[in-house]
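Visitor: here you go, sequence then predicted model.
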Amino acid sequence: MNEMIKKQRHPRALPDQSEWTFELIEQAHEEIRRVAENFGLDTYPNQLEIITAEQMIDAYTSVGMPVSYNHWSFGKHFLSTEKGYKRGQMGLAYEIVINSNPCIAYLMEENSLTMQALVIAHAAYGHNSFFKGNYLFRTWTDADAIVDYMVFAKNYIAECEQRHGIDAVELLLDSCHAIQHYGVDRYKRPAKLTLAQERARQKEREAYVQSQINELWRTLPRREEEAINEVQRRFPPEPEENLLYFIEKYAPLLEPWQREMVRIVRKISQYFYPQRQTQVMNEGWATFWHYTILNQLYDEGIVGDGFMMEFLKSHTNVVYQPPVNSPYYGGINPYALGFAMMSDIRRICENPTLEDREWFPGIAGSDWRKTLDFAMRNFKDESFIAQYLSPRLIREFHFFSVLDDDNNEKLAVSAIHDELGYRYVRQQLADQYNLGNREPNIQVWSVNTRDDRALTLRHTQFQRRPLNQQANEVLKHVARLWGFDVHLETVTPNGEVIGTMEVKREKRARNS
Amino acid sequence: MTYLIDRRLQGKNKSAVNRERFLRRYKAQIKDAVGRAIKGRSITDIENGEKVSIPVKDVGEPSFGHAHGGIWESVHPGNQEYQKGDQINRPKGGGGSGRGRAGNSDQLTEDDFIFELSREEFMNYFFEDLELPHMVKTQLAATTEFKNQRAGYTVSGTPSNIHVLRSLRGALGRRIAVGGNSRKRMIEADKELETLLLEGEPLDSPRVQELKKLIHHLHTRLLAIPFIDPFDLRYANRIKVPKPMTQAVMFCIMDVSGSMDETRKDTAKRFFILLYLFLKRVYDKIEVVFIRHHTAAAEVDEDEFFHSRESGGTVVSSALHLLNKIIDERYGAGSWNAYVAQASDGDNWDNDSVMCRQLLVNTIMPKVQYYTYVEITDGPPQNLWEQYAQIPDHHAHFAMQKIVTPADIYPVFRELFKKQPK
């Protein structure tokens, strides 16, 4: 992209105009697809949808899904987004892309042709290939079924509203949302289901689950010797990390439809779990590819200088990382870090320095496409950073690590971008992206099956960090779902209980 | 395989339900906000949306999270001055251990959740207290009415609007105009040929042949003129015009003697607003005149009308005299429709009430379209009420009502709304 004498226009060159038309979008998409294919990007089929700004706000609101059930919290989200947008306080995201098959990418009608091309390269090829390739998405999400599942969920919940009233449904959803981040299986793999199977299974489940619960809470006296044997047994036998799953399966008073709704929230939460774990990678990957693809188009002469200037302007805005002392600083920009790391891996492959050869003997000088592809497929943010963050990037970003220990009077700088600090900074940054550290570790510890049916949750403290003030509110929601008292014990990593919180529940008070 | 789909036309207002759910959940707070807004607004400015704010803690969705405390180690970019081992003072913005971005994690920046109610939503909340019948609500909340009106013809439009007669007439004219010259020449040639033939010219003489050729040529030319051309098409033109309206003047008369307290004034304000809204539907231009009175009446601006305090006794007729004077001076000559809304707590000097009735019956009522009176009190009726109660016998366009809550206001206007169906 350096020669000034590129006078000959490419026969398929895009016109220099900012207005898009359907033909031009198709043309741009065709070129992008060709280049992406040459680079070996493997994607789901694409479905590009032109939408208005209002529809974009809609899409924001319903957690980026094309369909979603109704809830006031989405309305709240809508109102605040709309307000921000109308007052010009915030622009809307250029793109929303849905991890589905075909992969749905939204193009906003007010974008210029350049921006549409950028979005297509970024979302329809970058994110799309990430969704298809990354191991977390392959394991946890089912792109074929998600849209159908959302339709099922929306209809099911609408039906519940009709049968049981909007209020009852709303209360239940409030409670489920409060612990939706604790509705995730971290280790078990969910089974793939189609819409029809899901319906059939749901009916079976209702009947089966209820019978299980009846057994668990059986009040008829058993024969004596049996009882003696069972006194020691604790329930659940192992702590359970998935609170919503536990509630769905074992909460004594929930009715079948309520269990199904808990399940819906849990499923959706599970679906978004990989996205929360791969922010840096996902955005970095998509940004890297829109940058690479559009530059390739420019080199081929398909797009002109004006196009490139506009593209580079928004690209640099996206990957800007304000330094810590800037008033705009709001933490690390995942686009900036991700893009820098992806580009850096390519650099290490193509032009390794001595330092790179020492730090990354495995990839220095290798085929960059294969190496990047491997990195995209097999890591999440935490491990990706731990594996690939190079000393050079640490220097470029001027990363430094600050220790804030409330036992000490002052903050301490624990490492900076020097020889001694590289590994330490890298490890700290990786930990910073570990969801397990970021969210309090709260699991179901035990249920008092013999007496008051109280549920005990355990918060195992990490680095002595306390729970926030909302914990009590959340606990009320758990109690509403559970139907009986709920205790929350805070324990040190050694298992020593250092605090408890409890919410009393009036017995037999349902639905309130 | 790629699909490019234009979704712009479908799925509008997908979040309308969610929005409505949100409003439903926070109804109480929103109603408060609307009530406050009505107090603060001018009567003529009632039909706008409103910004509503709700304390963030009320709309929060709680979730487990870490508060500040314990050990946090974080990596930041942009190091300029620090070396390993440097000690930094804790950033300001809250002392002690439970500070920083603690507590309510993402909710620190704003204290209130603020959003806009649309005009319709605002009006709905406003109407809710007033217990308006549904039809009246829709009538009032509707935006300006337009009427489709014919406005001649245009050269472009939709096929369904093609005006056949006009188009054909145009086509005929065009055919005549375009073919005029040829036709004239053809007729001349015809005549000449006839004479020639009559004079015994042989059929194969060059002149006859020439004329025949010419006639044939002109005939073809005439035939080639299209019967109808896109150029001829005329479309019926319809334009939207606002429904015909005239001007009205609305008089707000209120007793501001010491006994009218803040709540009563507030109720009175709603009464005035409702009349204003009604007039707004029917009239294009409305002027509002505020007359307040105790023992003497004065014309004031809106702010003073609602917010200044006076005390003393009450002489209602002083306001009526002033009303009469203003109508005669500024709104006479029959070009204005005058509406009067009077609010009072019912106190009046005994002998003044009779005078009020006479003044109304004989002088004022013939000049106004509608006269409404509300007595905001929960006590027994007093002499003014008794005198006023005789007026409907003489004039049908008089309505009065005793009100305690805003819900009682509507019956005063029942006649008014019935009489003016949309």
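Guide: Yep, that arrived.
Visitor: give me the nearest residue to residue B:24, chain neighbours excluded.
Guide: Distances taken as CB to CB, 6 or more residues apart in numbering or on different chains place residue A:72 nearest to residue B:24, at 7.3 Å, with adjacent residues excluded. For every residue, glycine as well, the C-beta is placed using N, CA and C.
Visitor: any stretches of chain B with poor pLDDT?
Guide: B:1, B:11-12, B:92-111, B:131-145, B:242-246, B:311, B:333-334, B:415-422 (pLDDT under 70).
Visitor: residue of the stretch 201-350 of chain A closest to chain B, please.
Guide: Among all residues of the stretch 201-350 of chain A, residue A:323 sits closest to chain B, at 2.3 Å; criterion: CB to the nearest CB.
Visitor: assign that residue to helix, strand or coil.
Guide: Counting by DSSP: H, G, I helix; E, B strand; the rest coil, the backbone at residue A:323 sits in coil.
Visitor: re earlier: and the residue nearest to residue B:24, how many neighbours?
Guide: By the measure other CB atoms under 10 Å in any protein chain shown, the count of residues near residue A:72 is 23.
Visitor: around the residue in chain B that chain A sits nearest to, count how many other residues there are.
Guide: Using CB to the nearest CB, the closest approach of chain B to chain A is made by residue B:78 at 2.3 Å. Neighbours of residue B:78 under the rule other CB under 10 Å: 15.
Visitor: can I assume it is in contact with residue A:328?
Guide: No: counting by CB atoms under 8 Å, residue B:78 stays clear of residue A:328, with 11.1 Å between them.
Visitor: for the residue of the stretch 101-250 of chain A found nearest chain B, what are its contacts?
Guide: Chain B sits closest to residue A:178 of the stretch 101-250 of chain A, with a gap of 5.5 Å, by CB to the nearest CB. Neighbouring residues of residue A:178 by CB atoms under 8 Å, 6 or more residues apart in numbering or on different chains: A:473, A:474, A:477, A:478, B:61, B:62, B:63.
Visitor: distance from stretch B:149-161 to the middle of the chain?
Guide: Taking CA atoms, centre = their mean, to the nearest Å, one finds stretch B:149-161 lying 28 Å from the centre of the chain it belongs to.
Visitor: buried sites along that stretch?
Guide: B:153, B:157 (16 or more other CB atoms under 10 Å in any protein chain shown).
Visitor: figure out the length between the terminal residues of that stretch.
Guide: 13 Å (CA to CA, to the nearest Å).
Visitor: need the residues that contact that stretch.
Guide: Residues contacting stretch B:149-161 (CB under 8 Å, 6+ apart): B:163, B:166, B:233, B:234, B:235, B:236, B:237, B:238, B:239, B:240, B:241.
Visitor: same check, this time on stretch B:6-21
Guide: A:22, A:49-52, A:54-55, A:57-58, A:61-62, A:70-72, A:74-75, A:78-79, A:109, A:166, A:170.
Visitor: PyMOL command to pick out the buried ones of those residues?
Guide: With 16+ other CB under 10 Å as the criterion, this PyMOL line picks the buried residues out of the contacts of stretch B:6-21:
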select buried, chain A and resi 49+50+51+52+54+55+57+58+61+62+70+71+72+74+75+78+79+170
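Visitor: before we move on, the earlier item: closest one of the contacts of stretch B:149-161 to residue B:178?
Guide: Checking the contacts of stretch B:149-161 against residue B:178 with CB to CB, the nearest one is residue B:233 at 16.3 Å.
Visitor: chain neighbours aside, what residue packs nearest to that closest one?
Guide: residue B:167 is the one closest to residue B:233 (CB to CB, 6+ apart), at 5.0 Å.
Visitor: what's the helix or strand for that neighbour?
Guide: Per DSSP states H and E: residue B:167 is located in helix B:164-198.
Visitor: please apply the same query to residue A:437.
Guide: Going by DSSP H and E, residue A:437 is in helix A:435-438.
Visitor: which helices and strands does that helix pack with?
Guide: Where contact means 3 or more CB pairs under 8 Å, 6 or more residues apart in numbering or on different chains; DSSP states H and E, helix A:435-438 is not packed against any helix or strand.
Visitor: alpha carbons of it, in PDB - could you do that?
Guide: This file holds the C-alpha atoms of helix A:435-438, laid out as PDB (Å, rounded to 0.1, in the frame of the first residue of the first chain):
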ATOM      1  CA  LEU A 435     -13.400 -15.300  35.300                       C
ATOM      2  CA  GLY A 436     -13.000 -17.600  38.300                       C
ATOM      3  CA  ASN A 437     -11.000 -14.900  40.100                       C
ATOM      4  CA  ARG A 438     -13.100 -12.000  38.900                       C
END
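Visitor: can you list contacts of that helix?
Guide: Around helix A:435-438, the neighbours that count as contacts under CB under 8 Å, 6+ apart are A:276, A:277, A:382, A:431, A:432, A:462, A:463, B:66.
Visitor: what's the answer for stretch B:320-328, then?
Guide: Against stretch B:320-328 from outside (CB under 8 Å, 6+ apart): B:249, B:251, B:253, B:289, B:291, B:293, B:297-299, B:338, B:340, B:356, B:359-360, B:363-364, B:367-368.
Visitor: follow-up on the earlier one: what's the spacing between the residue nearest to residue B:24 and residue A:56?
Guide: 21 Å (CB to CB, to the nearest Å).
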